[in-house]
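K.L.:
sequence below, structure please.
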Amino acid sequence: MAAAAAERVILLAVVTTMAALLLPSTPAVGAVPAGAGASHNYTEFIRRSCSSTLYPSLCYTSLAGYASAVAQDPTQLARVAANVTLALVRGVSSHVSSLCRAAPRRRIDPRTTSALEDCEDSLGDAADLTRQAVGELGRLPAAEGPEVSWRVSNAQTWMSAALTNEDTCTDGFAEVAPGTAAGAGPAAAVKADVCRRVRRAKQYTSNALALVNSLVGTRR
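P.N.:
As a prediction, the model looks like this:
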């Protein structure tokens, strides 16, 4: 029951963060388009765009709700994808931070505690990098000439680095295994929980990076 409650708290945090992240210039999520035909075109645009990602089904389901805000704008789609990713990464990072604080009380072994602390740092960096990418994508519509490719390249670099930091988090748990030390039971549970959450964050980050990559050469 505690795990379910934690999931609900993180989901609420993700939804709240997304509401705050959408800039004032972005049409309200859920705004009704000109007609059913337009709405269908918008969702089909997202479906086609998501086909270039590693996780197309997740990409579509996580972004289809923003179809009216995205319309058929690939830059806006990449920006929304990065925003969704940022909210998720922040939620996972907050969860890992709470595990770090609870480690002494739960008598988590030193190796697992160290992995948690390293993961907390890595996810904090991943969130910062994703935030920078979101900002760069937000400035892209006003860019002209060489500035366009420069800003796209920056967003690519930062999203890629965020993915690397997420990998670093899960790699840190490689030595944490059940049945090897006192307190290994709680350690195994912590490892499974964190790796599951970060694995999903990596899927979101990968999809957002793919959508950013698709902007290369599409704007002048």
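
K.L.:
make it CA atoms for all contacts and neighbour counts henceforth
P.N.:
Will do.

K.L.:
residue 150: neighbour count?
P.N.:
14 (other CA atoms under 10 Å).

K.L.:
my bad, should have said residue 53
P.N.:
22.

K.L.:
over to the one 3 residues further on?
P.N.:
Residues within reach of residue 56, counting by other CA under 10 Å, total 18.

K.L.:
can you read off the pLDDT for the closest residue to it other than its chain neighbours?
P.N.:
When the adjacent residues along the chain are set aside, residue 56 lies closest to residue 50, with 4.9 Å between them (CA to CA, 6 or more residues apart in numbering). Here the pLDDT value assigned to residue 50 is 98.

K.L.:
please renumber so the chain begins at 36
P.N.:
Sure, I'll start numbering at 36, so the last one becomes residue 85.

K.L.:
what sits against residue 85?
P.N.:
Residue 85 makes contact with 91, 92, 94, 95, 242, 246 under the criterion CA atoms under 8 Å, 6 or more residues apart in numbering.

K.L.:
let's see if you can find the most crowded of those.
P.N.:
residue 242 (27 neighbours).

K.L.:
the helix or strand hosting that residue: how far from the chain's middle?
P.N.:
For residue 242, the host element (DSSP states H and E) is helix 219-248. Helix 219-248 sits 10 Å away from the centroid of its parent chain (CA atoms, centre = their mean, to the nearest Å).

K.L.:
now for that helix, which elements pack on it?
P.N.:
If contacts are counted by 3 or more CA pairs under 8 Å, 6 or more residues apart in numbering; DSSP states H and E, helix 219-248 sits against helix 71-85, helix 91-98, helix 109-141, helix 181-206.
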